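Participant: next comes the sequence, and after it the predicted model I'd like to discuss.
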Amino acid sequence: MPSISRDEVAHLARLARLAVTEEELDTFAGQLDVILRSVASVGEVAAEEIPPTSHAVPLTNVFRDDVVRPGLTREQALAGAPAAEDGRFRVPRILGEEQ
């Protein structure tokens, strides 16, 4: 069975640039060991005659077909806008206004 040592957890923490306490090293080592054992047990169940799948049941597309429908004209869309300019919605500038 896989096992992870306290030193390996400390090494992983250094690689990830995580500051962990001595107590956390012991806690994380135990937790990571449980995770590794769980993953290993799943690997033992997998059989060669069972094909790999991404989902337990087949998926079907639930989207409707795209159908072209009439929409608003530019003038109709801009008619309800609080401000319009050059055939576009006018909105307040939010970038580049640092003073």
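Facilitator: Arrived safely, thanks for sending.
Participant: and the strands in this protein?
Facilitator: Chain-ordered strands for the chain, with DSSP state E as the definition, fall at 84-85, 88-89.
Participant: what's the mean pLDDT across the first one?
Facilitator: Translated: strand 84-85. Across strand 84-85, pLDDT averages out at 92.
Participant: give the pairing partners of that strand; include direction for each.
Facilitator: Applying DSSP bridges, strand 84-85 is found paired with strand 88-89 (antiparallel).
Participant: give me the contacts around the partner strand.
Facilitator: 78, 81, 83 (C-beta atoms under 8 Å, 6 or more residues apart in numbering). For glycine as for every other residue, the C-beta is placed from the backbone atoms N, C-alpha and C.
Participant: tally of neighbours for the closest residue to the first one other than its chain neighbours?
Facilitator: Counting by C-beta to C-beta, 6 or more residues apart in numbering, the nearest residue to residue 78 once its immediate chain neighbours are dropped is residue 84, at 4.4 Å. Per other C-beta atoms under 10 Å, the neighbour tally for residue 84 reads 15.
Participant: surely residue 84 is in contact with residue 90?
Facilitator: Yes. Under the criterion of C-beta atoms under 8 Å, residue 84 makes contact with residue 90 at 5.7 Å.
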